[in-house]
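# Okay, predicted coordinates and the sequence, questions at the end:
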Amino acid sequence: MKAALDEILARSAESGEVPGVVAMVGDIRGSLYEGAFGKRSLAGPDPMTTDTVAWVASMTKAVTTVALMQLVEEGKVDLDAPAGRYCPEIGKAQLLHDFDADGKPLTRTPRTPVTVRHLLTHTSGYCYDFASSAIRKYMKATGLPGTNTGLKASLAAPLIAEPGSAFIYGISTDWAGQIVEAVSGKRLGEVFAERIFGPLGMTDSMFRLGASQQARRAAVHGVKEDGSYVPTDMVVVQEPEFESGGGGMYSTAPDYLTFVRMILNGGELNGARILKPESIVALSTDQIPDLSIPAMGLMSPMGLRSVDFFPGISTGWSLAFEINREQSAEGRSPGSLFWGGFANTYYWIDPAKGVAAVFLTQIVPFYDPRAVKLFKAFETAVYRAI
């Protein structure tokens, strides 16, 4: 496995297809492969290493869901209760249905309250601004800040669909993180550290970067219209009003592999029980069997992208992960779990074959065709090897 994966990753970094990449593969016993190639920043000499710190963005969502499921296990949160029971602001959310002739938003009360389960399955009706022209128009009309500002006011966005009616990717998991804070009485990062990272030994996963992590952080690279990469100084707001359970976390490949191996092993790893087996079953079960995750249009300097990792394959969602309902072209088993982050960071968990993997680059925006091509080649080689 090592020689084949090293060749694929090294060739891509050396050719400039990606500035740098770190990838790891593991099973319940430990690591099966680790490799790091290219540079942390094209503006400097530091090489990518396996302990390079990366912004994992929406890979934060699975961690937030685990923290919330711990509270469900303790009887402190009911998945099918109105989310407004725990965060009254969610209960006040209005449904945006149109704009008047002057561009003023027209809203109404949704027919169905948003439940906690709606938040975790992205069927709440909340959406991201980058995925909705209606939300962008609403922001322009009202001055609603973007979630990347770290301002809690950014969460006061309206719904764009009736709760339970459609899979819409958005700020639902940020609200799930707010429920964790409201019920626990602690900041989200504190909950993560005490109840997940500490027990699992994930010392490089956090919202606020320490000196050691800052020194090992890879630069996020933007893409120009000609496709070339430019390193940026982009860092997640380090003193935010709210810690983004939907996308604010930093981590490393070894740390995140530890997390996904815990899921693969039924909620326990190295003697630390994080979730009960029945919670892992819920996290591994398709919760939206009557719906399918649509391809998402995303603008980039290189043009419009259609984000679809499984062309021609219907996919569902558990309480934390996308689920492919059929075997993928790369060899991923039906029922496998997957998601990624905006800076082209990805992972998957294949319970049927007993393998999990983490793949980290630092390129924005999401679904960069070169990063996706490399990720798919990497995955295909993993399955050939196992």
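Perfect, I can see it now. It should be emphasised that the depicted structure is a prediction, and the values quoted were computed from it without experimental measurement.

# ok, residue 117 - contacts?
Contacts for residue 117 (Cβ atoms under 8 Å, 6 or more residues apart in numbering) come out as 79-80, 287, 319. In short, each C-beta sits where N, CA and C put it, glycine included.

# Could you rerun that using 6 Å?
Under the criterion of Cβ atoms under 6 Å, 6 or more residues apart in numbering, the contact list for residue 117 reads 79-80.

# I'd like the distance from it to residue 81, if you could.
Per Cβ to Cβ, to the nearest Å, residue 117 is found 9 Å from residue 81.

# Check which strands are paired with the helix or strand harbouring residue 222 and give the direction for each one.
Assignment of secondary structure by DSSP states H and E places residue 222 within strand 221-223. If you go by DSSP bridges, strand 221-223 pairs up with strand 229-231 (antiparallel), strand 363-364 (parallel).

# contacts for it?
Contact partners of strand 221-223, identified using Cβ under 6 Å, 6+ apart, comprise 19, 229-232, 301, 362-364.

# where exactly do the helices run in the chain?
If you assign secondary structure with DSSP state H, the helices in the chain sit at 2-15, 60-73, 88-91, 116-120, 133-142, 172-184, 188-192, 198-200, 211-215, 253-264, 277-283, 369-385.

# mind putting those helices in CSV, mean pLDDT and distance to residue 314 included?
Shown next, in CSV, are the helices of the chain (pLDDT from 0 to 100; distance: least, Cβ to Cβ, whole Å):
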stretch, mean pLDDT, distance to residue 314
helix 2-15, 98, 29
helix 60-73, 98, 21
helix 88-91, 98, 29
helix 116-120, 98, 20
helix 133-142, 96, 26
helix 172-184, 98, 21
helix 188-192, 98, 33
helix 198-200, 98, 33
helix 211-215, 98, 39
helix 253-264, 98, 22
helix 277-283, 98, 20
helix 369-385, 98, 19
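
# Can you add distance to residue 295 and give the ones you listed back as JSON lines?
Shown next, in JSON lines, are the helices of the chain (distance: least, Cβ to Cβ, whole Å):
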{"stretch": "helix 2-15", "distance to residue 295": "25"}
{"stretch": "helix 60-73", "distance to residue 295": "19"}
{"stretch": "helix 88-91", "distance to residue 295": "28"}
{"stretch": "helix 116-120", "distance to residue 295": "22"}
{"stretch": "helix 133-142", "distance to residue 295": "16"}
{"stretch": "helix 172-184", "distance to residue 295": "19"}
{"stretch": "helix 188-192", "distance to residue 295": "30"}
{"stretch": "helix 198-200", "distance to residue 295": "34"}
{"stretch": "helix 211-215", "distance to residue 295": "35"}
{"stretch": "helix 253-264", "distance to residue 295": "25"}
{"stretch": "helix 277-283", "distance to residue 295": "24"}
{"stretch": "helix 369-385", "distance to residue 295": "13"}
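
# Kindly compare burial across these and name the winner.
For these, the largest average neighbour count (mean count of other Cβ atoms under 10 Å) is found in helix 116-120, namely a mean of 26.

# any idea how far that helix is from the chain center?
On the basis of Cα atoms, centre = their mean, to the nearest Å, the separation between the geometric centre of helix 116-120 and that of its chain is 15 Å.

# What of stretch 155-172?
With Cα atoms, centre = their mean as the basis, the distance from the averaged C-alpha position of stretch 155-172 to the chain average is 17 Å.

# List the buried residues for it?
Applying a neighbour-count criterion of 16 or more other Cβ atoms under 10 Å, the buried positions in stretch 155-172 are 155, 157-164, 166-172.

# Equivalent analysis for stretch 264-273, please.
Those buried within stretch 264-273 under the rule 16+ other Cβ under 10 Å are 264-269.

# With respect to residue 64, which of those is nearest?
Nearest to residue 64 among the buried residues of stretch 264-273, counting by Cβ to Cβ, is residue 267 at 16.0 Å.

# Just give the closest residue to the closest one, not the sequence neighbours.
With Cβ to Cβ, 6 or more residues apart in numbering as the measure, residue 275 is the residue that lies nearest to residue 267, at 3.6 Å, once sequence neighbours are left out.

# So that neighbour sits against residue 266, correct?
No. With contact defined as Cβ atoms under 6 Å, residue 275 does not count as touching residue 266 (8.3 Å).

# Can you give me the distance of residue 105 to residue 91?
19 Å.

# got it, and residue 102?
29 Å.

# for residue 306, same thing?
35 Å.

# quick one: contacts for residue 118?
With Cβ under 6 Å, 6+ apart, residue 118 has these contacts: 124, 163.

# if you set the cut-off to 8 Å instead, what comes out?
Remark: with contacts taken as Cβ under 8 Å, 6+ apart, residue 118 is in contact with 83, 124-125, 163-164, 172.
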